[in-house]
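**Student:** pasting the sequence and the predicted coordinates here, then a few questions.
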Amino acid sequence: MKTDFVKGHGLGNDYIVMVEGASPKMTEANVRLLCDRNYGIGSDGILLLGQPTPPFGLRIFNPDGSEAEKSGNGLRIFSKFLYEYGYAKELSFPIDTKGGRVRSTVTVGADGRVTAVKVDMGRYSFNPSDVGILGRSNPMIEEVLRLEDGTEIRGSAVSVGNPHFVFFVEKIDEDFIHEKGRMIEHNKVFPKRINTQMVRVIGRNEIEIRIWERGAGYTLASGSSSCAAATIAVHLGRVQSPVRVHMPGGILMIEVDENHEIRMEGPVEEVMTGHLSPDLKKRLE
Ligand SMILES: N[C@H](CCC[C@H](N)C(=O)O)C(=O)O
């Protein structure tokens, strides 16, 4: 790759792609600086290519410097990168993440560029230890979560490789997710912290969500959040699979099957390629 990084987005959830060995060390300080929208490149996270042959190695970093087990939008951006920059020779290939192995299949347009990606995201789990909840073995389904300000929210916890808390509303309230998202993220029930989705059911196969991401805050879209919200909505019988998930950044298609497998499909775009300038490099550890 003749460039220091490639930047892409999935429905407005943007990531910087870098290659291990040709990138700064992924220390918390470096990740925070690179993701900073004023002092750095700016993004909702970093995707780091490890093993450059199948099964491709992927590490995912949030803009606060923490490492995530999985990212749905990140996997689509990463899959497009692998195919267009010659790492992937096939249209379908496996990728190893901290949250398990997934398989991507890219859709290529007439110009040879990837326009969309389908990802077999693996299996969901309601197991509290998979979500990072300690001291219980029964799933947290439609239970009241108490926040430090006294707010009570009835929701469910699910892992799709990374952890999520999902609650339903009759009407989407953007202010609520901005006011309470961080409190939910850091609630003591979730020692590994957690991603949160506010969900409104629109139809038998349709939901609308708003997202507060662990380690990133409010984002325009989230693939793993779409998987988590669709999984809980199907599990509670509020919708049927496949589920169209509407977000401010756009729509993802999510399938949840009886074997607990989740499949996600959606668009992806490359924004730019770039080089780190000497002044920024001086600031990196
Ligand atoms: N912040 C998430 C990772 C990124 C998820 C999101 N961007 C997606 O597309 O799935 C976490 O700490 O688990």
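**Tutor:** Thanks, I have it. Numbering: from 1, shown residues only.
**Student:** the stretch 101-250 of the chain: helices as residue ranges?
**Tutor:** Using DSSP state H, counting those that start in this stretch, the helices found in the stretch 101-250 of the chain span residues 128-131, 174-185, 223-235.
**Student:** for the ligand, see how far away the most centrally placed residue in the chain is.
**Tutor:** For the chain, the residue nearest the mean C-alpha position is S71 (3.0 Å; CA atoms, centre = their mean). Using CB to the nearest ligand atom, to the nearest Å, one obtains 4 Å as the distance from S71 to the ligand. C-beta coordinates here come from the backbone N, C-alpha and C atoms, glycine included.
**Student:** can we start the residue count at 53 from this point?
**Tutor:** With 53 as the first residue, the last one maps to S123.
**Student:** sorry, back to before: would TSV of the helices of the stretch 153-302 of the chain with mean pLDDT be doable?
**Tutor:** Below are the helices of the stretch 153-302 of the chain laid out as TSV (pLDDT from 0 to 100):
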stretch	mean pLDDT
helix 180-183	97
helix 226-237	98
helix 275-287	98
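**Student:** among the ones you listed, which is nearest I261?
**Tutor:** With CB to CB, the closest approach to I261 among these belongs to helix 275-287: 4.9 Å.
**Student:** ok now that closest one, how far from the chain's centre?
**Tutor:** Here the centre of helix 275-287 is set off from its chain's centre by 12 Å, with CA atoms, centre = their mean, to the nearest Å.
**Student:** do stretch 184-202 as well
**Tutor:** 22 Å.
**Student:** hmm, that stretch in reach of the ligand?
**Tutor:** No: if you take CB under 6 Å from any ligand atom as the test, stretch 184-202 misses the ligand, and the best it gets is 10.5 Å.
**Student:** what does that stretch contact?
**Tutor:** Applying CB atoms under 8 Å, 6 or more residues apart in numbering, the contact partners of stretch 184-202 are 178-180, 183, 204-209, 215, 217, 232, 235-236, 239, 241-246, 284, 287-288.
**Student:** for PyMOL, what selects the buried ones among the residues you listed?
**Tutor:** Selecting only the buried entries of those in PyMOL, with 16 or more other CB atoms under 10 Å as the criterion:
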select buried, resi 178+180+183+205+207+208+209+215+217+232+235+236+239+241+242+245+246+284+287
